[in-house]
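Asker: Everything below, folded, please.
(2 chains)
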Amino acid sequence: MNQQLTAAQQAVAKLAHDFADEFIDPIVTELDRGVVFPKALIGQLAAQGLLGLVLPKQSSVAGAGFVSHIEVVQALSRSCPAIASVINNHALFAYALEHWGSDAQKKQYLPALAKGDKLGAIAIQEEGPTPGVGRSALLVTRQGAGFKLNGTKAFVRNAGAADVYLVFATGSGGVTGFIVDAATSGLKIGPRQETMGLKACPVAHLTFDNVSMDEASVMGTENCGAVIATQILAVLAVAEAAQTVGIAKAAVAHAAEYAKHRVQFHHPIASLQAIQTMLAEIVTDCHMGWFGICHVARLVEADAPFEPEAGMVKMFMGRFGSKMLADAIQIEGGMGISEVVPKHITGPLPLARMFRDIAGTTLLDAPDDFPDKLIAAGIA
Amino acid sequence: MNSEQSAIQQTARDFVAAHITPHAAEYDKTGEFHSYLLAAAKPSKIFAMAVPKEYGGLGYSPLTQALVLEEWGYGCAAMGTTLSASILSMEAVLTAGNDDQKRHFCKPMLDAGIGAFALTEPAAGSDAGAGVATAVRQGDEYILNGPKCWITNGGEAAMLVIFAATDPAAGTKGLSAFIVERGLPGLIMGDREEKLGLRSSNTVYFSMKDLRVSVANRLGKEGDGMKIAMETLDLARPSIGALAIGLAQRCLDECVKHLHKRYPAKSFPGETLQFDLADMQIQIEGARQAQHHTMALREAKRPFSKESAIAKTLGTAVAMSVTSQAMRLMGSHAYTSEFGKFMRDAKVMQIYEGTNQIQRLVIARSLLAPPRIAVPAMKAGAK
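Answerer: Below you'll find the predicted structure:
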């Protein structure tokens, strides 16, 4: 697959791969505790230029673009997909700003986002069935030349760590996106929520208590936020799919290695047809998924219509993501379910953590009918 | 289900709501076994539900036990596992033991003591005959040596059934089973394992160093071990299915509860989501019926080895599928709540007490090479 990449893109992918091996692998258990935000590590990635790949015009990295971004996401996810989550949410903010931001907004934020001097985050989800509905919805009202925001955005990634948020609020005329600095008065970051996996990427609710916004902080135009949010979720689906493939590739490599050495019934279990079938299915799902991701990543990079294909990638990963890890664990049995390497074993045993992580990269971040809608809309 | 079984089911449901559900999340977090469960269960003698009445137990039928286990799985599959794994060890003694052994082994269970079944070794997982643990006869004792791992309840059990080779050269035909009491010198318990799921169910590695066991504690004859193990697992593994069905039903119920909260009154979710919910219930109900069918066969003393494997595989597969689906339907809500536990617990259940692959081997063999022994014909008019 790599032969489709340019030499520069390959170099970026290798950079991320080597970075993950050298700097992330040794601390992955600590990252999984999810107690502190890995600020230093994100700083190191920023220094390599890996936080601004979705901004090719701003980036100092040769071969920057969405294709390189997903290569990096995949490479980092082999070690720690939560770090890739931090970068994805940051990159999606940058992507949105590049596409819908005003010249002034771009001037203010893009260079810092590209360098990773500022970390971005996206706040789309709410507790209710759809944005704008429910007791805690984030509502916006006009006040003179400006706006007032009141309510809550739920499950915001990078919450607390981000310097700036793209926040969607519902008003009488529709949904509007706002660029909100973390230090804005009236904005409160809730307690960090305990997640099943992806623990190095903080998740919290944001509450808005009469937060004042001016016209200059609107992203795009007033009431066009729903379109932007949908587009962001579609791009995010592709970036998350790259995380999923990264996790699954690492998992299947680990399970295959285990199967080669685990002797039962007088032979390595890798020689059993049932094990071969399970491994083959995981690799196939990975491979087919990755083809889909590469295809849609090129569409995204070329600014071509990509939404139905993004929906397909999301749907595919929703079906096979968790299954790939469930099967990899099945091959390793007791070792597969070990969170801590038992004393009588030599490690590492990462599959339990990967199982918790992959549920987060495949099953969250959009309403469950989101991919179906994107795909169906593309058929007509 | 008769009225007595309904009453028992209701009692179990009440116990679970009072003593299991409220502690499930906390115990899952620390991953430690809590003796609170045993203390709370003591007055009801529920840990002796499989102990025959003649030994002072409740003597519940297999179906009644399954009903109770489903309730426990509904509250917490990890705590349910404590109960089912204890019954597993007891089944070995009830299957192969003599009267004294049965009485001796069951006694602690009357006071909410638990048992453990120790077959697996580092080199012997699915290939249960590949173990290296040995039992060497010396006068009227056996000297046991070797490792055992992934032993559910191992660190907390009052009584263990331990398998070791009395004739290592004879392979699976050289395995024997022994009743071992807790705390004997030579029984060296390791730390509990930190698992992905079923975290508060105690799982340990232990080793035996010149562990002396009386000949009177040998179950059956020398060399009967593998036969005892397989018969016992046939009897006990549907229990895992029962726990898994309870887990899946709980997950679905919580999912529906959440959707009620999320969607305003009168605004039902779309058909895709409604069908997803329906499919979850279809799977659960199918698995439950397969489970009860297995119990009915067992109670009728008809062959049920294949059905036992089906009950375990189907129940745990359904639990995996339902919990994953719930995560997809509820997204971040599920990822930050007890739904993560449901999914983690379900995954472990596909592995323990015989992986679902081993179950499939059992099922496939019975299809491809059915046992030659003729099933006794039913009497005319019998149901």
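Asker: Contact residues of the stretch 101-250 of chain B facing chain A?
Answerer: Residues of the stretch 101-250 of chain B lying near chain A by CB under 8 Å from any CB of the partner chain: B:120, B:122-127, B:130, B:147, B:149-150, B:190-191, B:193-197, B:205. The way it works is simple: take the backbone N, C-alpha and C, and place the C-beta from them, glycine included.
Asker: Any stretches of the stretch 101-250 of chain A with poor pLDDT?
Answerer: Applying pLDDT under 70 to the stretch 101-250 of chain A picks out no residues at all.
Asker: go again using 90 as the cut-off
Answerer: Flagging of the stretch 101-250 of chain A using pLDDT under 90 yields the residue ranges A:127-136.
Asker: Spatially central residue for chain B, please.
Answerer: Geometric centre of chain B, nearest residue: residue B:84, 3.9 Å, by CA atoms, centre = their mean.
Asker: Over to the closest residue to residue A:340 other than its chain neighbours: give its phi and psi.
Answerer: In space, and not counting its chain neighbours, residue A:340 is closest to residue B:194: 3.9 Å by CB to CB, 6 or more residues apart in numbering or on different chains. Here is the backbone geometry of residue B:194 (degrees, to the nearest 10): phi -90, psi 110.
Asker: how close does residue B:194 sit to residue B:28?
Answerer: Going from residue B:194 to residue B:28 by CB to CB, to the nearest Å gives 12 Å.
Asker: And the two? Which one has more around it.
Answerer: Per other CB atoms under 10 Å in any protein chain shown, whichever of residue B:194 and residue B:28 has more neighbours is residue B:28, with 22 against 15.
Asker: does that one belong to a helix or a strand, and which?
Answerer: Applying DSSP states H and E as the criterion places residue B:28 in helix B:21-30.
Asker: so does that helix get close to chain A?
Answerer: No. Residues of helix B:21-30 are not located near chain A by CB under 8 Å from any CB, the shortest gap being 8.7 Å.
Asker: Count the neighbours of residue A:11 for me.
Answerer: Residue A:11: 14 neighbours (other CB under 10 Å).
Asker: and it, that's in a helix?
Answerer: Yes. Counting by DSSP: H, G, I helix; E, B strand; the rest coil, residue A:11 is found in a helix.
Asker: so it makes contact with residue A:63?
Answerer: Yes. Under the criterion of CB atoms under 8 Å, residue A:11 makes contact with residue A:63 at 6.6 Å.
Asker: May I have the residues that are in contact with the residue of chain A found nearest chain B?
Answerer: The nearest approach of chain A to chain B comes at residue A:196, 3.2 Å away (CB to the nearest CB). Residues in contact with residue A:196 (CB atoms under 8 Å, 6 or more residues apart in numbering or on different chains) are A:356, A:359, A:360, B:335, B:336, B:339, B:340, B:343, B:344.
Asker: Show me which pair in those is furthest apart.
Answerer: Across those, the longest distance by CB to CB is 14.0 Å; it joins B:336 and B:344.
Asker: Which of those two has more residues huddled nearby?
Answerer: residue B:344 (26 against 19).
Asker: Please state the backbone phi and psi of the more buried one?
Answerer: phi -70, psi -40.
Asker: before we move on, what SS does the residue lying closest to it once chain neighbours are set aside have?
Answerer: The shortest distance from residue B:344 to any non-neighbouring residue, by CB to CB, 6+ apart, is to residue B:197 (3.4 Å). Recorded secondary structure, residue B:197: coil (three-state DSSP).
Asker: One more: the one 10 residues further on?
Answerer: Counting by three-state DSSP, the backbone at residue B:207 sits in strand.
Asker: what do you get for residue A:141?
Answerer: Secondary structure of residue A:141, per three-state DSSP, is strand.
Asker: Quick check: phi and psi at the residue nearest the centre of chain A.
Answerer: By CA atoms, centre = their mean, the mean C-alpha position of chain A lies nearest to residue A:85, the distance being 3.8 Å. Residue A:85 adopts backbone torsions of phi -60, psi -40, taken as degrees, to the nearest 10.
Asker: quick one: contacts for the nearest residue to residue A:366 once chain neighbours are set aside?
Answerer: Sequence neighbours aside, residue A:233 is the residue nearest to residue A:366 in space, at 4.9 Å (criterion: CB to CB, 6+ apart). By CB under 8 Å, 6+ apart, residue A:233 lies in contact with A:124, A:365, A:366, A:370.
Asker: And the helix or strand containing residue A:233, how far out from the chain middle?
Answerer: Element membership of residue A:233, judged by DSSP H and E, is helix A:225-261. On the basis of CA atoms, centre = their mean, to the nearest Å, helix A:225-261 sits 8 Å off its chain's mean C-alpha point.
Asker: tell me the angle it makes with strand A:139-143.
Answerer: 150 degrees (axes from the mean of the first three to the mean of the last three CA atoms, to 10 degrees).
Asker: Quick check: buried residues in helix A:225-261?
Answerer: Residues of helix A:225-261 classed as buried: A:225-226, A:228-252, A:254-256, A:258-259 (neighbour count, 16 or more other CB atoms under 10 Å in any protein chain shown).
Asker: same check, this time on stretch B:109-123
Answerer: Going by 16+ other CB under 10 Å, stretch B:109-123 has these buried residues: B:109-110, B:112-123.
Asker: three-state assignment of the residue lying closest to residue A:45 once chain neighbours are set aside?
Answerer: Closest residue in space to residue A:45, ignoring its immediate chain neighbours: residue A:51 at 6.0 Å, by CB to CB, 6+ apart. Three-state assignment for residue A:51 (three-state DSSP): coil.
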